[in-house]
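Peer 1: Predicted structure and sequence below. I'll ask about it afterward.
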Amino acid sequence: MRLPVIGNTQALRWRTSVGAAAISVAQRVASSLRCQGLRAKLATATDLAELDRRLGSDAVAGSAQRWKAIRGEAGWMTTYAYPAEAISSRVLSQAWTLRADEVIQNVTVYPDATCTATITVRTPTPAPTPPSVILRRLNGEQAAAAAANMCGPRPHLRGQRRCPLPAQLVTEIGPSGVLIGKLSNGDRLMIPVTDAGELSRVFVAADDTIAKRIVIRVVGAGERVCVHTRDQERWASVRMPQLSIVGTPRPAPRTTVGVVEYVRRRKNGDDGKSEGSGVDVAISPTPRPASVITIARPGTSLSESDRHGFEVTIEQIDRATVKVGAAGQNWLVEMEMFRAENRYVSLEPVTMSIGR
């Protein structure tokens, strides 16, 4: 959200500063979104700095800037503009199927009911061609286009034209979640294990065949996972670039999801730490990530008070069947097993359907 200060001088004169006015407007927007069921909250200065880092501030400020792309620590960033006729819900949703390390989509709405849309993709090497025939690369304006995604004054992009805002424009604002498996009616169930604005806690009571698959699917969804364990041999098979295994409370840098092991509470001499509402874990991460997955052995039961402390519970009730609980609802799910995951699990095969 950007405030045109010059055009709002009359309204802003009642505020002590432009910053106070911006905070007031942002609070009203966030409150309105929460009334509509969206868990919005006001971003802090730390949140804004972290957002800019994720959006490629190092590439914008760096010296590796070319006519067709700019380079940061995580790779090459290339920004493309959507033509006016392509700004629709169907076309914008196709962005999340592109083959890229990261995708940043920017839809800007102006006070005169016009809009613009761009997409920035991050790849290991400069992209030779646009990922779609409808996209137009912003040659010579790559740094400015990337800066337009960030929290600051919006630069003018000569290669971009405004168009009328569609009467209805549906855009995705979060991941669909992690694939769990198939319901009795044949539908697939995906459950989010992270929340952009709130703390998220997930309880998984299952054997390693299922628990490890859930963890590696969280990694596949783009999260940086850190497993805190005293049994590193147990988790050695799941090592991958975005997953770290540590034996200390301190998580790996930039961890977004922590994985801890549940231990039964002992009355005396318990060296485990409490995670959340009384559930004991072998090693409790410090500092704590926004999302924590607690792994327990199959058959582990929680008291009602402890159960209310988790947003999602996944409990194994059969070799390949789990009960998933979230938002006051429960589902029986046949766990999907993919052959590509077997090398990360390193356990004996389980008799069940194989997803292809």
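Peer 2: Nice, thanks for sending it over.
Peer 1: alpha carbons only for contacts and neighbour counts from here, please
Peer 2: Will do.
Peer 1: Name the strands paired with the longest strand seen in the chain and say parallel or antiparallel.
Peer 2: The single longest strand within the chain, with elements called by DSSP state E, is strand 114-123. Applying DSSP bridges, strand 114-123 is found paired with strand 75-81 (antiparallel), strand 102-109 (antiparallel), strand 163-164 (antiparallel).
Peer 1: Looking at the helix or strand just after it now, give me its mean pLDDT.
Peer 2: Downstream of strand 114-123, the next assigned helix or strand under DSSP states H and E is strand 136-137. For strand 136-137, mean pLDDT rounds to 96.
Peer 1: Run the chain-centre distance for strand 136-137.
Peer 2: Centroid separation for strand 136-137 versus its chain: 27 Å, with CA atoms, centre = their mean, to the nearest Å.
Peer 1: other SSEs contacting it?
Peer 2: In this structure, strand 136-137 makes packing contacts with strand 75-81, judged by 3 or more CA pairs under 8 Å, 6 or more residues apart in numbering; DSSP states H and E.
Peer 1: Give me the contact list for the strand it packs on.
Peer 2: Strand 75-81 is contacted by residues 59, 68-71, 117-127, 130, 135-138, 142, 145-146, 159-160 when judged by CA atoms under 8 Å, 6 or more residues apart in numbering.
Peer 1: Show me which residues of the following helix or strand past it are buried.
Peer 2: As assigned by DSSP H and E, the chain's next helix or strand after strand 75-81 is helix 89-93. Within helix 89-93, the residues that count as buried by 16 or more other CA atoms under 10 Å are L92.
Peer 1: And for helix 89-93, what's in contact with it?
Peer 2: Taking CA under 8 Å, 6+ apart as the rule, helix 89-93 contacts 86, 168-172.
Peer 1: Would you state the helices of the stretch 201-350 of the chain in chain order?
Peer 2: For the stretch 201-350 of the chain, helices defined by DSSP state H, counting those that start in this stretch occupy the ranges 208-220, 232-235, 304-307, 342-345.
Peer 1: Give me whichever of the ones you listed is most buried.
Peer 2: Compared across those, helix 208-220 shows the largest average neighbour count, a mean of 20 (mean count of other CA atoms under 10 Å).
Peer 1: Mind giving me the packing neighbours of it?
Peer 2: strand 178-182, strand 225-228, helix 342-345.
Peer 1: Tell me which of those lies nearest to Q36.
Peer 2: strand 178-182 (24.9 Å; CA to CA).
Peer 1: which stretches of the stretch 1-150 of the chain have low pLDDT?
Peer 2: Across the stretch 1-150 of the chain, nothing is flagged by pLDDT under 70.
Peer 1: per-domain residue ranges of the protein.
Peer 2: 63-172, 178-264+281-344 (the TED database).
Peer 1: how far out from the middle of the chain is the shortest one?
Peer 2: This means domain 63-172. 19 Å.
Peer 1: Repeat that for the longest one.
Peer 2: Remark: domain 178-264+281-344 is offset 15 Å from the chain centroid, using CA atoms, centre = their mean.
Peer 1: Would you mind finding the most buried of the strands paired with strand 114-123?
Peer 2: When these are compared using mean count of other CA under 10 Å, strand 75-81 is most buried, at a mean of 25.
Peer 1: Please save the CA atoms from it in PDB.
Peer 2: Extracted C-alpha coordinates of strand 75-81, given in PDB (Å, rounded to 0.1, in the frame of the first residue of the first chain):
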ATOM      1  CA  GLY A  75      20.200 -16.500  -8.500                       C
ATOM      2  CA  TRP A  76      19.100 -14.500 -11.500                       C
ATOM      3  CA  MET A  77      15.900 -12.500 -11.400                       C
ATOM      4  CA  THR A  78      13.900 -11.600 -14.600                       C
ATOM      5  CA  THR A  79      10.700  -9.500 -14.500                       C
ATOM      6  CA  TYR A  80       8.000  -9.700 -17.200                       C
ATOM      7  CA  ALA A  81       4.900  -7.600 -17.700                       C
END
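Peer 1: Start and end of stretch 93-108, how far apart?
Peer 2: One end of stretch 93-108 sits 16 Å from the other (CA to CA, to the nearest Å).
Peer 1: same question, stretch 261-281
Peer 2: Length of stretch 261-281, first residue to last, CA to CA: 5 Å.
Peer 1: Same question for the longest strand of the chain: list its buried residues.
Peer 2: Neighbour-count burial for strand 114-123 flags 115-123 (criterion: 16+ other CA under 10 Å).
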